[in-house]
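Trainee: Give me a model of this one.
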Amino acid sequence: MKDLQDLTSDQQRKLDRARQRVIESIGKNMDLYGITLSIGHLYGHMYFQNKPITLDDMSETMGMSKTSMSTGMRTLMDLKMINKVWGKGTRKDLYEVVPDWYQNFSDYFSIKWRKAVEGNMQALAKSLEEIHSLKGEAEGDPDFLQLLDVDEAKITEALHYYKWLLRLIETLETGKIFEFIPKE
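Mentor: Purely as a prediction, here's the structure:
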């Protein structure tokens with residue numbers, strides 16, 4: 001495989017333009033999902049690296065501070081979109097992109113959705129406990145009991161939804177989603 005240095009200046013310019021278009025697209029797409037544009041661009045730049053890269057190298061390539069770069073790398077690692085790898089003869093951390101976009105999608109939504117679902121289920125469970133407690137106090141008030149029954153049914157329905165969503169998350173985490181919607 002040719003290195004960039006082996007290309008003519010015209011080839012380099014055209015390749016850079018084509019890559020930059022993809023990097024911009026990746027950044028905009030990730031921005032839609034709540035990841036900053038700069039972190040999306042970072043992933044896009046890393047995507048076109050053909051070897052692991054250091055923070056210094058990426059900072060120089062993108063013109064970002066090492067602090068911003070470190071924060072971006074940490075975010076991408078938390079989302080399982082890049083990995084820290086070992087490099088013989090270097091003491092600096094090296095990073096490489098996880099090029100499997102299907103896995104990136106699955107990991108991203110699994111992580112985000114699971115966190116949201118677990119928090120919402122805890123809130124619903126706490127509210128359900130409070131409603132059960134209120135029912136014990138509302139023995140002689142049929143109108144209040146009826147209101148509590150309606151709220152209990154609504155919360156129970158919401159819990160059913162979140163349990164379904166957990167099953168969807170599990171299909172993403174295990175890869176079973178691809179049995180239903182195969183990869184291209």
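Trainee: Check which helices and strands the helix or strand bottoming out on mean pLDDT in the chain sits against.
Mentor: Scoring the helices and strands of the chain by mean pLDDT, DSSP states H and E places helix 55-62 at the bottom, with a mean of 88. For helix 55-62, the elements it packs on are helix 37-47, helix 66-78, judged by 3 or more Cβ pairs under 8 Å, 6 or more residues apart in numbering; DSSP states H and E. Just so you know, the C-beta spots here come from the backbone N, C-alpha and C atoms, and that holds for glycine as well.
Trainee: Please state the offset of stretch 42-50 from the chain centre?
Mentor: Centroid separation for stretch 42-50 versus its chain: 17 Å, with Cα atoms, centre = their mean, to the nearest Å.
Trainee: cool, stretch 122-136 as well?
Mentor: Using Cα atoms, centre = their mean, we find the averaged C-alpha position of stretch 122-136 to lie 32 Å away from the chain's own average C-alpha position.
Trainee: ok, and what's touching it?
Mentor: 144-145, 148, 151-152, 155-156, 158-159, 162 (Cβ atoms under 8 Å, 6 or more residues apart in numbering).
Trainee: how about a cut-off of 6 Å?
Mentor: The list of residues contacting stretch 122-136 from outside it, by Cβ atoms under 6 Å, 6 or more residues apart in numbering, reads 148, 151-152, 155, 158-159.
Trainee: Report the mean confidence score over that stretch.
Mentor: Predicted confidence along stretch 122-136 averages 97 (mean pLDDT).
Trainee: List the buried residues of that stretch.
Mentor: Residues of stretch 122-136 classed as buried by neighbour count (16 or more other Cβ atoms under 10 Å): 124, 128, 131.
Trainee: likewise stretch 44-63?
Mentor: Of all the residues in stretch 44-63, those buried under the rule 16+ other Cβ under 10 Å are 44-48, 52-53, 55, 57-59, 62.
Trainee: Closest one of the residues you listed to Y102?
Mentor: Nearest to Y102, judged by Cβ to Cβ, of the buried residues of stretch 44-63 is Y47 at 14.4 Å.
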